[in-house]
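**Q** output the structure for:
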Amino acid sequence: SAQAVVAPADRTAPAQETRIVLPATKLTFNFENVPLDTVLDYLSKSAGFIVNKKVAVPGRVRIVSHQPVSADEAVALLDTALQDKGFAAGREGRVLSIVTLDEARLRFSPIIIGRDPKAMQAGDEVITQIIPISRGDASQLAQNVSALLPPTATVIVNASSNSLILTDTRSTVKRTAEIIQALDGSISAL
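**A** Just a heads-up that it's a prediction; the model follows:
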């Protein structure tokens, strides 16, 4: 039985995320057109996840990696496959919940603070990023970037802190932060 270890939270660096560390065992993750339950059963047995399937996911999934993957990478691959169907794999420690994308956005997206796109990771995990605006007006920047966001993304303006709160995949957040940085930087060049 694997033991989970909680990494200490670093309150001085908001971009850091606290995660439960799973065993370092590499997993063979090759599933070709199988029911989701087959993948979830494998993750439970091989990586020690406790599976909480809150919704039924129709159809089958295809998740293939020709190289062994870590438990974290396996969850990321599963999450990518599920997002194509409108679902997500939300993780809280060892508990892996299968939920709708909307529930994942509300319940499982880690909250990260920062505006430097170079410090942001790309990927399909849904996150909530708080982006402080230094020179421009957050309301105006939200209007500028809204047309460039996918329908799944949400952007909220917090006028009192002149910040944007953006929820979507890491890749969308990173790309949007690059645009915001360019626009916010060009304001200071005027």
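**Q** can we go C-alpha only for contacts and neighbour counts from here?
**A** OK.
**Q** how long is stretch 161-181 end to end?
**A** 17 Å (C-alpha to C-alpha, to the nearest Å).
**Q** pull the residues that contact that stretch.
**A** 105, 109, 115-117, 120-134, 137-138, 141-142, 145, 149, 152-158 (C-alpha atoms under 8 Å, 6 or more residues apart in numbering).
**Q** quick check: buried residues in it?
**A** 162-181 (16 or more other C-alpha atoms under 10 Å).
**Q** same check on stretch 135-144?
**A** Taking 16+ other C-alpha under 10 Å as the criterion, stretch 135-144 shows 136-138, 141-142 as buried.
**Q** among the residues you listed, which one sits closest to residue 45?
**A** Nearest to residue 45 among the buried residues of stretch 135-144 is residue 142, at 44.5 Å by C-alpha to C-alpha.
**Q** contacts only, for the closest one.
**A** Residue 142 neighbours (C-alpha under 8 Å, 6+ apart): 155-157, 164.
**Q** show the contacting residues for the nearest residue in space to residue 35 that is not next to it in sequence.
**A** Residue nearest to residue 35 in three dimensions, not counting chain neighbours: residue 60, with 4.6 Å by C-alpha to C-alpha, 6 or more residues apart in numbering. Counting by C-alpha under 8 Å, 6+ apart, residue 60 touches 33-36.
**Q** got those as a markdown table, with pLDDT, secondary structure and distance to residue 67 columns?
**A** Converted to a markdown table, the contacts of residue 60 look like this (pLDDT from 0 to 100; DSSP: H, G, I helix; E, B strand; the rest coil; distance: C-alpha to C-alpha, whole Å):
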| residue | pLDDT | secondary structure | distance to residue 67 |
| --- | --- | --- | --- |
| 33 | 93 | strand | 18 |
| 34 | 94 | strand | 19 |
| 35 | 94 | strand | 22 |
| 36 | 92 | helix | 21 |
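**Q** and the furthest pair within the residues you listed?
**A** 33 and 36 (9.1 Å).
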